[in-house]
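S.K.: A predicted structure for the sequence below; I have some questions about it.
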Amino acid sequence: MSKAFTKETDADGDDDAPEQAALPKGVRNYITPEGYARLRAELVALVNEERPKVVEVVSWAASNGDRSENGDYLYGKKRLREIDRRIRYLTKRLEIAEVADPSIHHGKDQIFFGATVTYANARGEERTVTIKGIDEVDPLRGEVSWISPIARAMLRAREGDEVSLVTPGGVERIEILAVRYPAPADSGQPRPGQ
C-alpha cells in the first residue's frame, strides 16, 4: 500500500501538542522579558541554524537513491518534523505572549507576576517560589507558573497575609513571609557624579 494513504504512527505526529500544559482559553500568556528572549532565541536558532543543517542532510540522503532503507533520510525527515512542530509552537506562543516586567514592582510587598515569595505552611516549613510564565517555569529552580494553584492563592496578597491553598489533602493555610522583585535594569546612562 502506498504510504500516501497511511497515517504515520510516530509518537511525534504532526499535531502541535506542546511539551508543557496548554494555556487556558481566554487567558493571557504572561512572560518575563528574559523568558521571551529565551523563547525568541530558541526560535531563531531553529530557523536559522538547526533546520537548514537538517534540510541539507535530508537533501544529500535523498540524492543517494533508495529512501526506504536510508537511515540518514528517515531520521532526518523525522527530525525535520520535530523542528517544524517546535517552530510552529514557539511562533504561536510568542505571538500571544504579553511581556510583563516584574521589576516595575521592585520594593513593593504585594504579590504580582514575577514576584519571588517566601511562605510558611502551618507546620512551619518555609519555601520560596518565583511566579513566572507558563512557558518559562523550572520547578527544580523553585519557579511556578502564574496559573498554578499556589500562585493563584498568593496573587494580590501582601507580606504578613495568610492565604488558603486548596490541595488534594484539603485546605492549607500559608503565611506570606517575604516578597521580592528583581531590581530594575540599569539604563546604561551614567549616574550623577561619574
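M.R.: Good, I have the coordinates. Numbering: from 1, shown residues only.

S.K.: contacts, neighbours, all on C-alpha from now
M.R.: Fine.

S.K.: Show me which strand runs longest in this protein.
M.R.: strand 170-180 (DSSP state E).

S.K.: Parallel or antiparallel, which strands does that strand pair with?
M.R.: strand 116-121 (antiparallel), strand 162-167 (antiparallel) (DSSP bridges).

S.K.: Identify, out of these, the most deeply packed stretch.
M.R.: strand 116-121 (a mean of 20; mean count of other CA atoms under 10 Å).

S.K.: Just the pLDDT for the residue sitting nearest the centre point of the chain.
M.R.: Nearest to the mean C-alpha position of the chain, by CA atoms, centre = their mean, lies Asp135 at 1.6 Å. In this model, Asp135 is scored at 91, pLDDT.

S.K.: Look at it and give its secondary structure.
M.R.: Under DSSP: H, G, I helix; E, B strand; the rest coil, Asp135 falls in the coil class.

S.K.: quick one: low-confidence ranges for the protein?
M.R.: 1-22, 24, 186-194 (pLDDT under 70).

S.K.: Please, where are all the helices along the chain?
M.R.: 33-45, 51-62, 71-96, 149-154 (DSSP state H).

S.K.: Quick one: closest of the ones you listed to Arg123.
M.R.: Nearest to Arg123, of all the helices of the chain, is helix 149-154, at 16.6 Å by CA to CA.

S.K.: now that closest one, how far from the centre of its chain.
M.R.: On the basis of CA atoms, centre = their mean, to the nearest Å, helix 149-154 sits 18 Å off its chain's mean C-alpha point.

S.K.: packing partners for it?
M.R.: strand 143-145, strand 162-167 (3 or more CA pairs under 8 Å, 6 or more residues apart in numbering; DSSP states H and E).

S.K.: Residues touching the first one, excluding its own?
M.R.: Right, the one you point to is strand 143-145. The contact list for strand 143-145 (CA atoms under 8 Å, 6 or more residues apart in numbering) reads Val129, Thr130, Ile131, Lys132, Gly133, Ile134, Val137, Asp138, Ile150, Ala151.
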